[in-house]
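Enquirer: I'll drop the sequence and a predicted model, then ask my questions.
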Amino acid sequence: MVKCSKGQIRRLKTALRWKGHPEQRQRIQMVLLRESGMTQPAIAGAMGVSLSTVNRAHMAYDHGGLKALRRKPSGGRKRENMTVAGEKALLARFAKAAGAGELLNIHDLKAAYEKAIGHETSNSTVYNLLARHGWRKLMPRPFHPKRNLAAQNSFKKKGFQMR
């Protein structure tokens with residue numbers, strides 16, 4: 001247990017009045033109660049939390065000060081393979097061909113992405129990358145421009161023919 005100085009206690013009391021997250025204020029209260037002479041089990045009972053929560057708050061303050069009592073941010077891209085800027089740079093290589101009206105071959109993009117990140121990944125990861133940057137899913141054209149309609153019609157199955 002590290003004893004706080006009068007300046008640290010004053011800063012803790014000032015921080016307690018901030019309009020912050022309730023969890024942070026609760027942790028500050030736990031540290032202040034320790035400084036007033038309460039034991040950890042008594043603090044846990046008074047605050048309505050477990051003993052390990054009180055212990056973690058005290059250890060965080062002892063090792064990191066007031067900043068360590070802040071709430072840890074949640075969300076974000078925890079398992080990202082590349083930064084968003086890196087993804088934009090990768091897509092910029094394919095943007096010129098896509099802008100010229102050519103079809104984007106997902107296999108080429110996937111190979112370049114896997115080479116950049118250093119391991120294999122699924123197709124859905126590449127499609128999510130395209131969606132994240134506003135690219136729409138590309139589809140092949142519905143028919144070949146040089147199709148022969150007469151040959152197609154003659155090839156179609158005919159129903160029963162009357163003689």
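Expert: Perfect, I can see it now.

Enquirer: When you work out contacts or count neighbours from here on, use the C-alpha atoms and nothing else.
Expert: Fine.

Enquirer: any idea where the helices of the chain begin and end?
Expert: Assigned by DSSP state H, the helices in the chain fall at 6-16, 22-35, 40-47, 51-64, 84-99, 106-117, 123-132, 149-155.

Enquirer: which parts of the first one are buried?
Expert: Read that as helix 6-16. Using 16 or more other C-alpha atoms under 10 Å as the test for burial, helix 6-16 gives Ile9, Leu12, Ala15, Leu16.

Enquirer: Need the winner for burial among the helices of the chain.
Expert: helix 22-35 (a mean of 19; mean count of other C-alpha atoms under 10 Å).

Enquirer: What mean pLDDT does that helix get?
Expert: What helix 22-35 shows for mean pLDDT is 87.

Enquirer: ok, now stretch 72-88?
Expert: 85.

Enquirer: gap between the two ends of that stretch?
Expert: Start-to-end span of stretch 72-88 (C-alpha to C-alpha, to the nearest Å) is 28 Å.

Enquirer: for stretch 60-77, same thing?
Expert: Start-to-end span of stretch 60-77 (C-alpha to C-alpha) is 25 Å.

Enquirer: now the helix or strand of the chain with the lowest mean pLDDT, how far from the chain's geometric center?
Expert: Counting by mean pLDDT, DSSP states H and E, the weakest-scoring helix or strand in the chain turns out to be helix 6-16, with a mean of 80. Taking C-alpha atoms, centre = their mean, to the nearest Å, the mean C-alpha location of helix 6-16 is offset from the chain mean by 35 Å.
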